[in-house]
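Visitor: sequence plus the predicted model coming up.
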Amino acid sequence: MPKEYNPSVIEPKWQRYWEENKTFRAVDFDPRPKYYILDMFPYPSGAGLHVGHPEGYTATDILARYKRMKGFNVLHPMGWDAFGLPAEQYAIDTGTHPAITTQRNIETFKRQIQSLGFSYDWDREVNTTDPGYYKWTQWIFLQLYHRGLAYVAEVPVNWCPALGTVLANEEVIDGRSERGGHPVIRKPMRQWMLKITAYAERLLEDLDLVEWPESIKEMQRNWIGRSIGAEVDFPVQGHSANIRVFTTRPDTLFGATYMVLAPEHPLVELITTPEQRPAVQAYQEAAARKSDMDRTELAKEKTGVFTGGYAINPVNGKPIPIWVADYVLVSYGTGAIMAVPAHDERDWELARKFGLPIVEVVAGGNVEEAAYTGNGTNVNSANDEVSLNGLETPEAKEKITEWLEAKGIGKKAVNYRLRDWLFSRQRYWGEPFPIVFREDGTPVPLPEEYLPITLPEVESYQPSGTGESPLATIEEWVNTTDPETGHPARRETNTMPQWAGSCWYYLRYLDPKNDQAAWEPAKEKYWMPVDLYVGGAEHAVLHLLYARFWHKVLFDAGLVSTPEPFMRLVNQGMILGFSYRYYTADGRPWSYKEVRLEGESAYVKETGSLANAVYVPLSEVVWRDEKPYHPEYPELELEELTEKMSKSRGNVVNPDDVVREHGADALRLYEMFLGPLEAVKPWNTKTVSGVSRFLARTWRLFFDEQGNFTVTDDPAPDALMRLLHRTIKKVSQDTEAMDFNTAIAAMMTFVNEVTKSPVRPRSVLEPFVLLLSPYAPHLAEELWEALGHKETLAYEPWPTWDEALTVEALITMPVQVNGKVRAQVEVPADADKETVLAIAKDHDRIKAILENKILVKEVVVPGRIVNLVVK
RNA sequence: GCCGAAGUGGCGGAAUGGUAGACGCGGUGGUCUCAAAAACCACUGGGGGCAACCUCGUGCCGGUUCGAGUCCGGCCUUCGGCACCA
């Protein structure tokens, strides 16, 4: 036996043992209760793992190991979300096939993940880029298609000229591409859309079925954005057309003094008068050229142009002018609004700017000064048939909606902010669609037996530039035949977005090698739903919403048995890194103290010059008097920031380095000891030594300096027994609640106490090894073996505690006078109030304080506190 | 602007309405050593006092309570998300 704790020897040993014995194989249909614990699978990037990845993985691994010991049949799988832009970008730059890059990255990730001792069932590994996997992604797409949930549309999309591709809304941030920060403009293109809006209501309602953080549910609710109101038709003067609007404030209908159409609204053409046509067309063209960012930036000042046309306000018969303005979005509601300037801020601004009438219909504000958007009592709201005057807002809404319905010119309506899901990318490295187009452009879904439609080899990964994917250039792949008619047909050259593969991977884990079906129904029934899903909050909305949508479609198709896929969700908080920076301007460096920040820009205080921030990698920072300095300019003190880890900030911590220096068990423990799982917290490599010391101290409970085994079968002293049972209770409860940081603190206390004791009783140390095992599995297995066991401890029953042993016979109670602690008294744990009070009042200090005072009130909380109130 | 989360020592953090600061890092002193590292032991929120102790202290202002980091009302700051959504 080695003399010292040596993770570099014991960790590979146990990793090999677990792999060879398939210790963590999940058994289908086992009679034990099942527990499905899922990690968000990673995109295997070229940069390898950073310390953020193992945070969630360690948490789930601790829970998986704990649940096994509690008698559950645990499914804990891992896989790769491997389609996506970075591999393709790399292919464009180097000509390396993305499959090769992907394979290489997966190998690195897998090696790194395995070096941390996670108890995954590797026989269930999945890879979204494997044709055996994406065959079923394509198959699910066909299910969506056959249910009328996938359609082709010519829609204005976010076209990024620099990337040569179309981006999803969520990939555009402030009008620029999320990757690379290139400008994005709107351009109409033929796209696949998924009708997620058909499921809006259920996606909203069923949030009640799942145990997720309230904040995530709220984000999803906001994203779906349900609002209740009315649809109202406004006849256009001089035409047979109607303009339909959606409004949440039908009660303000009498105050509608003009209308606004989105620039893209189809009726603009019809309504515009010849005199106004040039102005309207110019406005439309300007709006089309604007990127989303430009539109948003110009939002400070409302713009718009009169069409020359008029509509009739259906409640009072008055003609009202129709305007075009880009603050009305074609993609929300009906793309047209009734403008009520008195009670809507945007309408008020436009009305003020162009001198349009403002008519108050809800009392409560001063509409001359600002729009009044709150509730109130209706005024000026009556015609021959209906009057809202005197009604409060909710009643007014109801009454006018009834009237509109009776007249057949409007009805109650629900609208969602959620849009249909733009489901195609003009990229090579993604799942091809199982669709061909006939010569007339009709899409034909390919029969299941044609799947998978695999990616062809290409010579260049460069986007075609026309907006089509590189696949469009491979004639022999694109040109095919319609399986129904045998006529020539062309393949769809778009590919699916990265979300596709991650929308259902949790189902493929159930039956990963099945080539006859995506999964066997009986296995789905056995394992689903996922009991615990852990991942980053960055997927709070999109991944989780998309996956829920697919799951509900599969549920409706009878392919899965639960309405929701993920019963419980936990978001691990991001781990931040320390970064260090200074500034340069006018050819010289400046300290952060010499610049002032204005938003994102920095200016030298002295000269006013614009300064650039420069980051110094963590490894190059020079420390003096605990302050960070520049390596080459010794006087230049650096600014310390805690920021998201990224290459450009030089603050990325590689878990390999931590494993090399301290071992995997120490890394696991440190990740969890950092703070609560869900909190955002900074990584400080220096303090890993604390948990590392704890593990070495644990080792020394079992071995002396000569490497002799010190554990004996002697009976344990009462104090140690009680300590053990308190520790079992605390670690059990905290592990269950995922309060891993405090569970570790309890184990540290245990080790500190036992270290001070002269004895090493097996009856205390053996259960402790089991408590430690989910957290530091390698060390625990090694100690378990040293204790004489031949089998892994992974399935040993979790220790139980005796409640009687967790409480002491004599307890120390604080005695307060007027809420301030003045003394400590020892009392029997089961003493009644009178006894406790008597002991407290008998204490010398208390006696002294109580002298010459009137005792007003005596508070005794058994086992907790005594408080004496005096005057 | 709207929605959500959070503000506690030098630092990460801990506290069913009941002794604020567990556990860890860092720091100070000591043991061991020729010396150092490692390890071990003790102390470590601020102020005052030789000491027993006293006093202040959980972002700010109020409130409820015998008792508030915790509950209530009103602010401030930071972070995350959304943002012309009619």
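Guide: Sure, I can see it. Residues are numbered from 1 along each chain as shown, chains lettered A, B, ... in the order given.
Visitor: for the residue in the stretch 1-150 of chain A that RNA strand B sits nearest to, grab phi and psi.
Guide: Closest contact between the stretch 1-150 of chain A and RNA strand B, by Cβ to the nearest atom of the strand, is at residue A:4 (8.4 Å). Where you see a C-beta, it was placed from the backbone N, CA and C, and this is true even at glycine. Backbone torsions for residue A:4, taken as degrees, to the nearest 10, come to phi -120, psi 160.
Visitor: what is the burial count for it?
Guide: Using other Cβ atoms under 10 Å, residue A:4 has 11 neighbouring residues.
Visitor: what does residue A:855 give?
Guide: Residue A:855, neighbours per other Cβ under 10 Å, totals 12.
Visitor: what distance do you get for the closest residue to it other than its chain neighbours to residue A:857?
Guide: Counting by Cβ to Cβ, 6 or more residues apart in numbering, residue A:855 lies nearest to residue A:870, which is 5.5 Å off, once chain neighbours are set aside. Taking Cβ to Cβ, to the nearest Å as the criterion, residue A:870 is separated from residue A:857 by 9 Å.
Visitor: neighbour-wise, which of these two wins?
Guide: Taking neighbours as other Cβ under 10 Å, residue A:870 and residue A:857 compare with residue A:870 leading, 14 against 10.
Visitor: can you tell me how far the more buried one is from residue A:858?
Guide: Using Cβ to Cβ, we find residue A:870 at a distance of 10 Å from residue A:858.
Visitor: you'd agree the residue nearest to residue A:855 is up against residue A:816?
Guide: No. Between residue A:870 and residue A:816 there is no contact, the gap being 10.8 Å when judged by Cβ atoms under 8 Å.
Visitor: rewinding a little: so who does the residue nearest to residue A:855 touch?
Guide: A:817, A:818, A:849, A:850, A:853, A:854, A:855, A:856 (Cβ atoms under 8 Å, 6 or more residues apart in numbering).
Visitor: mind checking the SS state of residue A:342?
Guide: helix (DSSP: H, G, I helix; E, B strand; the rest coil).
Visitor: which residue comes closest to it once chain neighbours are left out?
Guide: residue A:367 (4.1 Å).
Visitor: host element of residue A:311?
Guide: Using DSSP states H and E, residue A:311 falls within strand A:305-312.
Visitor: correct me, but residue A:378 touches residue A:394?
Guide: No. Counting by Cβ under 8 Å, residue A:378 stays clear of residue A:394, with 11.0 Å between them.
Visitor: how about chain A: which residue is closest to RNA strand B?
Guide: Here chain A gets closest to RNA strand B at one residue, residue A:690, 2.3 Å apart by Cβ to the nearest atom of the strand.
Visitor: that residue: how many residues sit nearby?
Guide: If we define neighbours as other Cβ under 10 Å, then residue A:690 has 13 of them.
Visitor: mind listing what it touches?
Guide: By Cβ under 8 Å, 6+ apart, the contact set of residue A:690 is A:670, A:673.
Visitor: confidence score at it?
Guide: In this prediction, residue A:690 carries a pLDDT score of 93.
Visitor: same check, this time on residue A:600
Guide: 65.
Visitor: who in the stretch 601-750 of chain A is up against RNA strand B?
Guide: When proximity is defined by Cβ under 7 Å from any atom of the strand, the stretch 601-750 of chain A lies next to RNA strand B at A:644, A:673-676, A:679-682, A:684, A:686-687, A:689-691, A:693-694, A:696-697, A:739, A:741-742, A:744-745, A:748-749.
Visitor: mind listing which of those are in strands?
Guide: A:644, A:681, A:682 (DSSP state E).
Visitor: tell me the buried residues within these.
Guide: Buried members of these, counted by 16 or more other Cβ atoms under 10 Å: A:681, A:682.
Visitor: thinking again about what came up before, give me the more crowded residue out of residue A:378 and residue A:394.
Guide: Counted by other Cβ under 10 Å, residue A:378 and residue A:394 do not tie: residue A:378 has more neighbours, with 26 against 10.
Visitor: contacts only, for the residue lying closest to residue A:652 once chain neighbours are set aside.
Guide: In space, and not counting its chain neighbours, residue A:652 is closest to residue A:645: 4.7 Å by Cβ to Cβ, 6+ apart. For residue A:645, the contact set (Cβ under 8 Å, 6+ apart) comprises A:50, A:51, A:52, A:575, A:576, A:577, A:651, A:652, A:653, A:683.
Visitor: could you check the pLDDT of the first one?
Guide: Note on residue A:50: pLDDT of 86.
Visitor: can you count the residues close to it?
Guide: 19.
Visitor: run through the residues that contact it.
Guide: Contacts of residue A:50 (Cβ under 8 Å, 6+ apart): A:645, A:652, A:653, A:654, A:655.
Visitor: can you list the domains in chain A?
Guide: Listed by automatic domain parsing, the domain ranges of chain A are A:33-128+A:502-572, A:140-208+A:420-491, A:226-416, A:576-649, A:657-805, A:808-870.
Visitor: of the ones you listed, which stretch is the most buried?
Guide: Ranked by mean neighbour count, the domains of chain A are led by domain A:33-128+A:502-572 with a mean of 20 (mean count of other Cβ atoms under 10 Å).
Visitor: how distant is that domain from the center of its chain?
Guide: Taking Cα atoms, centre = their mean, to the nearest Å, the mean C-alpha location of domain A:33-128+A:502-572 is offset from the chain mean by 14 Å.
Visitor: same deal with stretch A:818-825?
Guide: Put simply, stretch A:818-825 sits 47 Å off its chain's centre (Cα atoms, centre = their mean).
Visitor: that one near RNA strand B anywhere?
Guide: Yes. Stretch A:818-825 is in contact with RNA strand B by Cβ under 7 Å from any atom of the strand, via A:818, A:819, A:820, A:821, A:822, A:824.
Visitor: skip the chain neighbours and tell me the closest residue to the last one.
Guide: Just to be clear, that refers to residue A:824. residue A:812 (5.3 Å).
Visitor: what residues are up against the one you found?
Guide: Residues in contact with residue A:812 (Cβ under 8 Å, 6+ apart) are A:824, A:825, A:826.
Visitor: residue A:337 contacts residue A:265, doesn't it?
Guide: No. Using Cβ under 8 Å as the test, residue A:337 is too far from residue A:265 to be in contact (10.4 Å).
Visitor: could you pick out the longest helix of chain A?
Guide: Using DSSP state H to define each element, chain A has its longest helix at helix A:718-736.
Visitor: CA atoms only: put it into PDB for me.
Guide: Extracted C-alpha coordinates of helix A:718-736, given in PDB (Å, rounded to 0.1, in the frame of the first residue of the first chain):
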ATOM      1  CA  ASP A 718     -19.800   7.000  22.100                       C
ATOM      2  CA  ALA A 719     -18.600  10.500  20.900                       C
ATOM      3  CA  LEU A 720     -17.500   9.100  17.500                       C
ATOM      4  CA  MET A 721     -20.600   7.100  17.100                       C
ATOM      5  CA  ARG A 722     -22.700  10.200  17.700                       C
ATOM      6  CA  LEU A 723     -20.500  12.200  15.300                       C
ATOM      7  CA  LEU A 724     -21.000   9.500  12.600                       C
ATOM      8  CA  HIS A 725     -24.700   9.500  12.900                       C
ATOM      9  CA  ARG A 726     -25.000  13.200  12.800                       C
ATOM     10  CA  THR A 727     -22.800  13.100   9.700                       C
ATOM     11  CA  ILE A 728     -24.900  10.400   8.000                       C
ATOM     12  CA  LYS A 729     -28.000  12.500   8.600                       C
ATOM     13  CA  LYS A 730     -26.500  15.700   7.300                       C
ATOM     14  CA  VAL A 731     -24.800  14.200   4.300                       C
ATOM     15  CA  SER A 732     -28.000  12.200   3.400                       C
ATOM     16  CA  GLN A 733     -30.300  15.100   3.600                       C
ATOM     17  CA  ASP A 734     -28.000  17.500   1.900                       C
ATOM     18  CA  THR A 735     -27.200  15.100  -1.000                       C
ATOM     19  CA  GLU A 736     -30.900  14.500  -1.500                       C
END
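Visitor: what average pLDDT does that helix get?
Guide: For helix A:718-736, the per-residue pLDDT averages 95.
Visitor: likewise stretch A:114-132?
Guide: Here the average pLDDT along stretch A:114-132 is 97.
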